[in-house]
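Colleague: model the structure of this input:
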Amino acid sequence: MLPDFFFNHCFDKKRLKAFILWSFIHNGGDATASIIEEMKEKGFLYATQAGISIGLDDLQRPPQKPRIVSRTEYQAQMTRRKCRQGDVTDVERAQELVDIWYRTSEKLREDVVDHFKATDILNPVYMMAFSGARGNISQVRQLTAMRGLMADPEGRVVGFPIRSSFREGLTVLDDEGGPAILPLTPASIALLEAFKAQFATLLG
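Modeller: You can find the predicted model right below:
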């Protein structure tokens, strides 16, 4: 007969692992196997009853995004101006642009988390990402805030990101472009990434 324990916590994937280890140490393998089996049955039961699914309205854009992106665009313009004036080299300019937009992506990722916590902790996207069941917060950031920095076909990080999210839609034209033969717009970068993933799957 196992002693009664009550843990008043929200159990995500990591906490479940810790609980199973705790049970194995204190109760042994047979009792832990029974607990896991019961947890599985309860999980499928309540997941079915919950009927959690994702709708378009669940992808909520953080309200701070326009201000953050506008401020970062100003910093990027200053960096390009310094390069034209000869204060920094092309290599330094490219690296600084990548760093600027990377910090912006991380800031938006944090804002996405804060926004969900403040407005709707039962949001299906939030629950799926933070439970460890499917996806992670970086993927949620791409869905709701900004796609972020991408790599070109040669594996180099492009110095300007896809500013739009999947929720907002990828634009064909952008205020910055690459070579005239194949402009590096959000849509073309995403297309090249998709092709690269398909080839990797075929070759793998």
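Colleague: only C-alpha atoms from now on, for both contacts and neighbour counts.
Modeller: Noted.
Colleague: can you give me the pLDDT of residue 69?
Modeller: With respect to pLDDT, residue 69 scores 91.
Colleague: what is the neighbour count of the residue nearest to residue 109 when sequence neighbours are not counted?
Modeller: Closest residue in space to residue 109, ignoring its immediate chain neighbours: residue 141 at 5.4 Å, by C-alpha to C-alpha, 6 or more residues apart in numbering. Counted with other C-alpha atoms under 10 Å, residues neighbouring residue 141 total 25.
Colleague: what's the separation between residue 141 and residue 102?
Modeller: 13 Å (C-alpha to C-alpha, to the nearest Å).
Colleague: can you list the domain ranges for this protein.
Modeller: 13-49, 56-203 (automatic domain parsing).
Colleague: could you export these as a markdown table, including distance to residue 7?
Modeller: Shown next, in a markdown table, are those (distance: least, C-alpha to C-alpha, whole Å):
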| stretch | distance to residue 7 |
| --- | --- |
| domain 13-49 | 10 |
| domain 56-203 | 17 |
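Colleague: which of those domains comes out lowest on mean pLDDT?
Modeller: Averaging pLDDT over each of those puts domain 56-203 lowest, since it has a mean of 79.
Colleague: ok, now which ones touch the most centrally placed residue in the chain?
Modeller: With distances taken as C-alpha atoms, centre = their mean, residue 138 lies nearest the centre of the chain, 1.4 Å away. For residue 138, the contact set (C-alpha atoms under 8 Å, 6 or more residues apart in numbering) comprises residue 109.
Colleague: any idea which of the domains of the chain is most buried?
Modeller: domain 56-203 (a mean of 16; mean count of other C-alpha atoms under 10 Å).
Colleague: how far off centre is that one?
Modeller: Distance of domain 56-203 from the chain centroid (C-alpha atoms, centre = their mean, to the nearest Å) equals 10 Å.
Colleague: mind starting the numbering at 794 from now?
Modeller: In the new count, where the first residue is 794, that last one comes out as domain 849-996.
Colleague: quick one, phi psi at residue 961?
Modeller: phi -80, psi -30 (degrees, to the nearest 10).
Colleague: related to what we said a few turns ago, state the distance from the residue nearest to residue 902 to residue 887.
Modeller: With C-alpha to C-alpha as the criterion, residue 934 and residue 887 are 24 Å apart.
Colleague: checking residue 902 next. Helix, strand or coil?
Modeller: helix (DSSP: H, G, I helix; E, B strand; the rest coil).
Colleague: ok, residue 914 next?
Modeller: Residue 914 is classified as coil under three-state DSSP.
Colleague: which stretches in this structure count as helices?
Modeller: 806-820, 822-843, 858-877, 883-912, 917-924, 930-937, 979-996 (DSSP state H).
Colleague: in a markdown table, list those along with distance to residue 851.
Modeller: Below are those laid out as a markdown table (distance: least, C-alpha to C-alpha, whole Å):
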| stretch | distance to residue 851 |
| --- | --- |
| helix 806-820 | 22 |
| helix 822-843 | 16 |
| helix 858-877 | 17 |
| helix 883-912 | 10 |
| helix 917-924 | 7 |
| helix 930-937 | 9 |
| helix 979-996 | 23 |
